[in-house]
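Asks: kindly generate the corresponding structure for this input.
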Amino acid sequence: MEAESCKDCKYYLPVDVFRGLCKLSKEKIGPDDPICGKALKIAKCKFCENYLSEKEYLGKCMGTTLAYPDMIAAKCADFKWNNQN
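Replies: The predicted structure follows:
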């Protein structure tokens, strides 16, 4: 799964459910807006080798723990970038 929207970028700062700010350009953006050329993908469960999707918005980490695909995994000790990324 590739970073396709602003919510997958390290520089996206959510303000509420519908809007956010780009930390680089300081512009108002939406979470589902297309990414720009300066985007840096942030570590999320959906980009991890240990994540297995079971439903559209739910999966399991290492086959045991429930996890959401958009959950931030920056401090997860078991996070490993998926080979597709």
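
Asks: break this protein down into its structural domains.
Replies: 1-42, 43-80 (automatic domain parsing).

Asks: as a markdown table, these with mean pLDDT and mean neighbour count would be great.
Replies: In this view, the C-beta of every residue, glycine as well, is placed from N, C-alpha and C. Shown next, in a markdown table, are the domains of the chain (pLDDT from 0 to 100; neighbours: other CB atoms under 10 Å):
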| stretch | mean pLDDT | mean neighbour count |
| --- | --- | --- |
| domain 1-42 | 91 | 14 |
| domain 43-80 | 95 | 14 |
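
Asks: any idea how far the residue of the chain positioned farthest from its centre is from Y11?
Replies: Residue farthest from the centre of the chain, counting by CA atoms, centre = their mean, is T64 at 20.6 Å. As judged by CB to CB, to the nearest Å, T64 and Y11 stand 32 Å apart.

Asks: how about the nearest residue to W81, chain neighbours excluded?
Replies: Excluding its sequence neighbours, the residue lying closest to W81 (CB to CB, 6 or more residues apart in numbering) is F47, at 6.3 Å.

Asks: doesn't K41 make contact with that neighbour?
Replies: Yes: if you go by CB atoms under 8 Å, F47 and K41 touch, sitting 6.7 Å apart.

Asks: what is the burial count for N82?
Replies: Here the number of neighbours of N82 (other CB atoms under 10 Å) works out to 12.

Asks: and it, how far from L21?
Replies: 28 Å.

Asks: which residues touch the nearest residue to F79 once chain neighbours are set aside?
Replies: Take F79 and drop its neighbours on the chain: the residue closest to it by CB to CB, 6+ apart is A73, 4.5 Å away. Residues near A73 by CB atoms under 8 Å, 6 or more residues apart in numbering: 43-45, 47-48, 79.

Asks: which one of the residues you listed is nearest I29?
Replies: K44 (17.6 Å; CB to CB).

Asks: what's stretch 10-20 in contact with?
Replies: Contacts for stretch 10-20 (CB under 8 Å, 6+ apart): 6-7, 21-24, 28-31, 38-42.
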